[in-house]
Structure formats: C-alpha cells, structure tokens
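# What follows is a protein structure lacking sequence information:
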C-alpha cells in the first residue's frame, strides 16, 4: 500500500511538472526559449527514429559503465588499503580532498588537453566518482566490528572463507552506498564532458550541436533521453542489488536448514 501511495505521489508530481512546463511555454510563446510539450515529444520521436540514435546512446552508456566499473574496482581496493593501513590513508587524503574540491568543469577542460574527446568523459567521471567510492569503503572497513574480527581469529577463519563469509558481507552496505552515489554522478559527468568535448557519438554531443543551432526542442529531447538513461541505470543497479540480497537469503536458509 505504501509503495502505491509513493507511486501515485510521483505521478502527480510529474504531471504538475509537465503542466508547469506547458504553462511556461505558453507564457513565453517562443520556440527558442521554451518550446511546448507537443513539439518536444514530436522531436523526441524523430530522434529515436534516426539512424545514429543507437550509436549515440551506446557510446554514452559504454563510457558511463566503463568509468563506473573502474571506480568500483580501484575505489574498493584503495578503500580497503586505506582502512587497513593508516599510512596509506594519510597518503591518499590530499589526493581525495583535492578531487572533492576541484570543479567538474576544470577536470573536464584539463582532461580535454591531455586526452582525446572520446576518452575525456571516461577519465573525468572516474576522477569525480573515485573519491566517493574510496571514502565509503574506507569508512566501512574501519567500522567493522572488532569482536567479529576476534571471533574469526579465535576460530582460525582465514583466507578465502574469511573473505567470503566475513569481509565482503561486512563491506556490502558501504559498497552499495558508494556505488549508488558514484553511478548517479557518473552519468552527469559523462554527459557534461560530451557536451564540452563533442566526440563523434554521444548524448552530450547531440545536445551541444542542437544548442549551437538554437534547436531548443532537440536540446530538451536529448535531455529527456539523458534522464531516462540515468533512471534505467539506477533501476538496473537496484535490481542487481535486490537479486544479490535474494540469493544471499536463499543460501543462508539452505545452510540453516
């Protein structure tokens, strides 16, 4: 019942947002400043029917998931090392603090000097998402219950068994939180980098080209596509998390039985 109420509230909120959009378009009465819903959705349909549509979507998705995968791997490894070795944590602190403070646009512009336009989104997204993943895993490692560590030492649980049955389950909440925040950030940074660097294919590239030609309806259409991509990515992540939790519960029940 609660989920139904939340869904209903979300639908009503979305409807109000669309209504405000349409009212604003009517008041401004300018296709350049703010086109109405009908022209935008008509343009959206035409964009989806274009030949390069899948190439643009695929390029952005590949860049986003490549950087996300690198963030997960390197952020997790560095986080475990930081949580386990204070000297490593101290060495990483200036690097992580700097990345948190540097504006996204600065990173993208510098990366455009160093790399090709296709590599800039991947590199920029990694630098913005890595500190989040690192901090989450490092704090998660440090928050592991010391009594559980002593129990593992007492019963001589070591190696692979300790990793699978103790370390990873203890870090799962931190891993999931860091991954969720990083994924949302990755989409925004990748598309922003594509807007500035204009690679051959990409959602951000299409937005930039449309903006140069003052095609506001196309800019808004590609923006809706970007929002949908982010929502689908978040949904896929949540499904994977829930599937993993379901598998774990099933395994635990079989062991208990």
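All right, it came through fine. Everything numeric here is computed off the predicted structure, so don't read it as measured data. Residues are numbered from 1 along each chain as shown.

# any idea how far residue 241 lies from residue 179?
Residue 241 sits 9 Å away from residue 179 when distances are taken as C-beta to C-beta, to the nearest Å. Backbone N, C-alpha and C define where each C-beta goes, glycine included.

# Looking at these two, which one has more neighbours?
residue 179 (23 against 15; other C-beta atoms under 10 Å).

# helices or strands up against the strand or helix carrying that one?
Using DSSP states H and E, residue 179 sits within helix 168-197. If you count contacts as 3 or more C-beta pairs under 8 Å, 6 or more residues apart in numbering; DSSP states H and E, helix 168-197 packs onto helix 53-84, helix 104-114, helix 120-142, helix 203-212, helix 216-256.

# among the ones you listed, which is nearest residue 46?
Across these, residue 46 has its closest neighbour in helix 216-256 (8.4 Å, C-beta to C-beta).

# ok, back up a step: now the helix holding residue 179 against helix 203-212, angle please.
30 degrees (axes from the mean of the first three to the mean of the last three C-alpha atoms, to 10 degrees).

# Just checking the distance from helix 168-197 to the centre of its chain.
Centroid separation between helix 168-197 and its chain, computed with C-alpha atoms, centre = their mean, to the nearest Å, is 3 Å.

# what do you get for stretch 119-131?
So, by C-alpha atoms, centre = their mean, the centroid of stretch 119-131 is 11 Å from its chain's centroid.

# Now do that stretch: everything it contacts.
60, 63-64, 66-68, 70-71, 74-75, 78, 96, 99-100, 104, 107-108, 111-112, 114-115, 182-183, 185-186, 189-194, 196-197, 199, 202, 204 (C-beta atoms under 8 Å, 6 or more residues apart in numbering).

# Buried subset of the residues you listed as a PyMOL selection?
Buried residues among the contacts of stretch 119-131 (16 or more other C-beta atoms under 10 Å), as a PyMOL selection:
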select buried, resi 60+63+64+66+67+68+70+71+75+78+96+99+104+107+108+111+112+182+183+185+186+189+190+191+192+193+194+196+197+199+202+204
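
# follow-up on the earlier one: got CSV for the helices and strands packed on helix 168-197, with mean pLDDT and distance to residue 47 too?
Shown next, in CSV, are those (pLDDT from 0 to 100; distance: least, C-beta to C-beta, whole Å):
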stretch, mean pLDDT, distance to residue 47
helix 53-84, 93, 6
helix 104-114, 90, 25
helix 120-142, 92, 20
helix 203-212, 93, 8
helix 216-256, 83, 5
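
# Highest mean neighbour count out of these?
Ranked by mean neighbour count, the helices and strands packed on helix 168-197 are led by helix 120-142 with a mean of 24 (mean count of other C-beta atoms under 10 Å).
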